[in-house]
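In: Requesting a structural model of the entry that follows:
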Amino acid sequence: MKGIGLRRLSLDIALTFGRQFFAGLLQLGIILFISRLLGPEGAGTYAVALLLPTLLSQLLNLGLASANVYFVASKQFALTRVWTASRDLVLGMSILGLMIGSVTIIFAGNILFPGIDSRLLFLAMLIFPTSLMTGVLTSLYQGLQNFRAYNLLVLIQPTVALFMMVCLWATSTFSLSTVLIATAAAHAVSMATGLVMMGKSVAVLARSIDTRGYLRPALRYGIKVHLGNVVAFLNYRMDIFLVNLFVGPAGAGLYSIAVRLVEQLWIISQAVSTVLLPRLAAMMGNDAGRRVLTPVMARFVLWGTMLAAGMLAAVATPLIEGLFGAKFRGATPALMILLPGVVMISCGRVLANDLAARGLVGVNLALAIGVLVVNLIGNLLLIPEYGILGAALATTIAYMANFLVRLILQNRLSGTIWWHVLIPMADDFKRIKSILKRKSIG
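Out: Reported below is the predicted structural model:
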């Protein structure tokens, strides 16, 4: 256990999990406000309006954040060099993204986003440039394995957004327009805080240092991660887009609530992945350690997420009705169908981090494309007939197929036996006992 640093890893994961759990509660509070005050159609309109800026953020980040984590964690480039090159690229991508977004809204908004006011789409676009820069800032702290700073920065946006929504409600100015403005302002506050924090480590406005010398290897690595992230984003949000297209904003509102709730289960895998990727990248030349660490974390994620999914399933109906009202009762069946797929994809994320740390990001890209194809075909076949239940079923089928393929590849590439990823081992309980004992002493 000493060789893989499990005690330190567990502390970082616990810290990150706590932040993501709290952030999840804040996000849930935001959706609760919107759903209660604006109804299913308003919640659906809000979710659809955010698709364009978040899609552009995925398209134009070029995988730079992932590359930053990899190269900073492995200490192949200095922090100042990585920051200045990333900053310059993001500024250029921000201008390009705003132009693309504006043209899309003006010429194709009515076609791509039927029933959504173009003014709301323009307000949502304000989120794009600030979220792009914040992503770069957080990636640097993740690469440095400074998870206290990383978690603090990521918490700012939902905290400020929820506070502003409470203020809007208290002043009777709560509407889709003001909510989108508040969301954009919260992203701006997060970015500004990140710049101030980064200024303690590097000169934020420093002159660029051999930008091409870093961007060439970073983009070679990052572009594959980037394409995989774009495909993954389409997997996560394509169903909402198609539900809105076939069923309408009200159906998208119900489905978005189901998706939001099951996505809270990703807190476990996200916390582990955030800490695990830089740790695995730093273990270059220690394949034996990787072969031990990856299955251990995969098992913890699988069973932890499965337990959380069972708890969510047990309280899903009263939880949805209690939080969002009886109008959202129709989200419960879709949530139940989504649960098995979310459990499988959560464990698959750990295996994906192992491949990324080995530089095999192209394999992750190929698998993500496979999920997208299966998911798209399933959605097109099932949504017209079964509505939001068809969307949920198509997503679960795609996620489970992806996980099965990852199990096979993990065995072929690293020699990990498939059941080592699935079945708890006797040593797992010893590790947990040792970690808890160490924490109680501390």
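
In: same for the lengthiest helix in the chain, what does it pack against?
Out: Of all segments of type helix in the chain, defined using DSSP state H, the longest is helix 6-49. If you count contacts as 3 or more C-beta pairs under 8 Å, 6 or more residues apart in numbering; DSSP states H and E, helix 6-49 packs onto helix 118-124, helix 147-170, helix 176-198, helix 211-246, helix 249-263, helix 266-281, helix 287-324, helix 426-441. (C-beta placed from N, C-alpha, C; glycine too.)

In: what angle sits between the helix or strand just after that helix and helix 211-246?
Out: Once the chain leaves helix 6-49, the next helix or strand it forms, by DSSP states H and E, is helix 51-60. Interaxial angle of helix 51-60 relative to helix 211-246 (axes from the mean of the first three to the mean of the last three C-alpha atoms, to 10 degrees): 150 degrees.

In: contacting residues around helix 51-60?
Out: With C-beta atoms under 8 Å, 6 or more residues apart in numbering as the test, helix 51-60 has contacts from 93, 96-97, 100-101, 104-105, 113, 121, 124-128, 131-132, 135, 229-230, 233, 237, 240-241.

In: same check, this time on stretch 195-205
Out: Contacts of stretch 195-205 (C-beta under 8 Å, 6+ apart): 79-80, 83-84, 87, 133, 137, 140, 149, 152-153.

In: residues of that stretch that come out buried?
Out: The neighbour-count check on stretch 195-205 (16 or more other C-beta atoms under 10 Å) flags 197-198, 202, 204 as buried.

In: Next: stretch 18-26.
Out: So for stretch 18-26, counting by 16+ other C-beta under 10 Å, buried means 19-20, 23-24, 26.

In: same check, this time on stretch 211-218
Out: Buried, per 16+ other C-beta under 10 Å, within stretch 211-218: 214-215, 218.

In: neighbours around residue 307, how many?
Out: By other C-beta atoms under 10 Å, the residues close to residue 307 number 13.

In: Pull up the gap between it and residue 422, please.
Out: 15 Å (C-beta to C-beta, to the nearest Å).

In: In space, what's closest to residue 424 - neighbours in sequence excluded?
Out: residue 299 (5.8 Å; C-beta to C-beta, 6 or more residues apart in numbering).

In: Show me where the protein dips below the pLDDT cut-off.
Out: Scanning the chain for pLDDT under 70 picks out the ranges 1-8, 284-286, 426, 428-442.

In: Can you pull up the most central residue in it?
Out: Closest residue to the average C-alpha location of the chain: residue 270 at 7.3 Å, with C-alpha atoms, centre = their mean.

In: Grab the nearest non-local neighbour of residue 287.
Out: residue 414 (7.7 Å).

In: what sits against the one you found?
Out: Counted by C-beta under 8 Å, 6+ apart, residue 414 has contacts 287, 290-291, 294, 354.

In: Closest one of the residues you listed to residue 168?
Out: Here the nearest of these to residue 168, counting by C-beta to C-beta, is residue 354; it sits at 43.9 Å.

In: Hmm, residue 410 and the closest one touching each other?
Out: Yes. Contact criterion C-beta atoms under 8 Å: residue 354 and residue 410 qualify, at 7.1 Å.

In: which residues are common contacts for those two?
Out: The contact sets of residue 354 and residue 410 overlap at residue 294 (C-beta under 8 Å, 6+ apart).

In: Adding distance to residue 364, write the buried residues of stretch 195-205 out as JSON lines.
Out: Shown next, in JSON lines, are those (distance: C-beta to C-beta, whole Å):
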{"residue": "197", "distance to residue 364": "30"}
{"residue": "198", "distance to residue 364": "28"}
{"residue": "202", "distance to residue 364": "30"}
{"residue": "204", "distance to residue 364": "32"}
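
In: And the furthest pair within these?
Out: 197 and 202 (10.6 Å).

In: on that earlier part again, I'd like the helices and strands packed on helix 6-49 written out as TSV, with distance to residue 394 added.
Out: Below are the helices and strands packed on helix 6-49 laid out as TSV (distance: least, C-beta to C-beta, whole Å):
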stretch	distance to residue 394
helix 118-124	26
helix 147-170	29
helix 176-198	29
helix 211-246	7
helix 249-263	12
helix 266-281	19
helix 287-324	19
helix 426-441	34
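
In: looking at the ones you listed, which is closest to residue 373?
Out: Closest among the helices and strands packed on helix 6-49, using C-beta to C-beta: helix 211-246, at 9.5 Å.

In: List the buried residues in that closest one.
Out: For helix 211-246, using 16+ other C-beta under 10 Å, the buried residues are 214-215, 218-219, 221-246.

In: Taking helix 266-281 as reference, get the angle to that helix.
Out: Here helix 211-246 runs at an angle of 160 degrees relative to helix 266-281 (the same axes, to 10 degrees).

In: Just name whatever secondary elements helix 211-246 is in contact with.
Out: helix 6-49, helix 51-60, helix 64-73, helix 79-112, helix 249-263, helix 361-386, helix 388-414.

In: how does it look with 10 Å?
Out: Under the contact criterion of 3 or more C-beta pairs under 10 Å, 6 or more residues apart in numbering; DSSP states H and E, helix 211-246 touches helix 6-49, helix 51-60, helix 64-73, helix 79-112, helix 249-263, helix 331-357, helix 361-386, helix 388-414.

In: Relative to residue 167, which of those helices is closest?
Out: Here helix 6-49 is closest among these (C-beta to C-beta), at 11.0 Å.

In: Give me the angle between that closest one and helix 147-170.
Out: 30 degrees.

In: And helix 6-49, how far out from the chain middle?
Out: When distances are taken as C-alpha atoms, centre = their mean, to the nearest Å, helix 6-49 is centred 11 Å away from the chain's centroid.

In: What is the nearest of the contacts of stretch 195-205 to residue 364?
Out: residue 140 (21.8 Å).

In: out of everything not next to it in sequence, what's closest to that closest one?
Out: What sits nearest to residue 140 in space, not counting adjacent residues and going by C-beta to C-beta, 6+ apart, is residue 68, at 5.8 Å.

In: count of residues packed around that neighbour?
Out: By the criterion of other C-beta under 10 Å, residue 68 has 30 neighbours.

In: show me the contacts for it.
Out: Contact analysis of residue 68 by C-beta atoms under 10 Å, 6 or more residues apart in numbering lists 77, 79, 82-83, 85-86, 135-144, 214, 218, 221-222.

In: ok, the residue nearest to residue 112 when sequence neighbours are not counted - how many residues close by?
Out: Residue nearest to residue 112 in three dimensions, not counting chain neighbours: residue 104, with 7.1 Å by C-beta to C-beta, 6+ apart. Neighbour count for residue 104, taken as other C-beta under 10 Å: 18.

In: Quick check, residue 104 in contact with residue 125.
Out: Yes. Residue 104 lies in contact with residue 125 (C-beta atoms under 10 Å); the separation is 9.4 Å.

In: any idea how far the helix or strand hosting residue 128 is from the chain center?
Out: Under the criterion of DSSP H and E, residue 128 resides in helix 127-143. Relative to its chain's centre, helix 127-143 lies at 13 Å (C-alpha atoms, centre = their mean).
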